[in-house]
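S.K.: give the three-dimensional model of this entry:
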Amino acid sequence: MDPDISIMFQSPSSQGLSEDRVRVELSPRYNRRPLPQYEARIAESWSQRCQQNPWLFNGSKFRIHSASLEREESGEEEEEGGERRQESRVLLRLRLGLTCYRDFMGTNWAPWAAVLQQRGLGELGDSQAYLAEPLGVGAMLLTADDSFVFLKRSERVGEAPGKIDIPGGHPEPKAVAVGIPEESIQLKDPLRSWWCRSCSSPCWQRSETR
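M.R.: Down below sits the predicted model:
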């Protein structure tokens, strides 16, 4: 496996997790931790990228902080003989903050990304604390004739231009925060419910197209 890739979460079921089993915790606590001496470098790096590629534009993204499984008690059911037992089910909890594409290119994709990881681990006990870590959505699409769907990335994108990829993208906070400047978007309940609807199906369940 690519040494730059690690598995944060794997579904306990081969069928994935349905939307009602996904919980999203949105909080500014899960935003990227700024590192003052690097913020100017991030801005300068973005400016240079935009000059080289005028098709680039910034946009808000959800930041993935962590994911974990937990059990939820779902009430009591009566068994034969009159005895009662408490049922529980496994849930996935995602902890999300906000970030942006500019910060993604200036941290995760920057030449100094490894330095930020080392400092994050040493100073905060979290190698990803200073990285943007935008949440992505992807799916392996299986057709009725047992083939998978792939696509070729545009030559105008900021990362991996021209490479072969799977269908996917990013959940967009601005899609629900209509009329609000992206820099003013706040983490509120409407974002929480919209995120579950937009992400749970492609992320956690098997998709099939015909």
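S.K.: for the rest of this, base every contact and every neighbour count on C-alpha atoms.
M.R.: Fine.
S.K.: list the buried residues of the top strand by length along the chain.
M.R.: Ranked by residue count under DSSP state E, the longest strand found in the chain is strand 60-78. Neighbour counts using 16 or more other C-alpha atoms under 10 Å place 60-65, 67, 69 of strand 60-78 among the buried residues.
S.K.: helices or strands up against it?
M.R.: Contacts defined by 3 or more C-alpha pairs under 8 Å, 6 or more residues apart in numbering; DSSP states H and E place strand 60-78 against strand 84-100.
S.K.: in the strand it packs on, what's buried?
M.R.: In strand 84-100, counting by 16+ other C-alpha under 10 Å, buried: 90-100.
S.K.: state the mean pLDDT of the helix or strand following it.
M.R.: For strand 84-100, the following helix or strand on the C-terminal side (DSSP states H and E) is helix 101-106. Mean pLDDT, helix 101-106: 96.
S.K.: which outside residues touch helix 101-106?
M.R.: Helix 101-106 is touched from outside by 41-43, 45-46, 57-61, 131-134, 158, with contacts defined as C-alpha atoms under 8 Å, 6 or more residues apart in numbering.
S.K.: which of these sit farthest apart?
M.R.: For those, the farthest-apart pair by C-alpha to C-alpha is 41 and 61; their separation is 20.2 Å.
S.K.: picking that back up, now the buried residues of strand 60-78 as a markdown table including distance to residue 118 and pLDDT?
M.R.: Below are the buried residues of strand 60-78 laid out as a markdown table (distance: C-alpha to C-alpha, whole Å; pLDDT from 0 to 100):
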| residue | distance to residue 118 | pLDDT |
| --- | --- | --- |
| 60 | 26 | 90 |
| 61 | 24 | 92 |
| 62 | 23 | 92 |
| 63 | 19 | 95 |
| 64 | 19 | 95 |
| 65 | 17 | 96 |
| 67 | 22 | 93 |
| 69 | 27 | 90 |
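S.K.: ok, the residues you listed vs residue 50, which is closest?
M.R.: Lowest distance from residue 50 to the buried residues of strand 60-78 (C-alpha to C-alpha) belongs to residue 60, with 16.6 Å.
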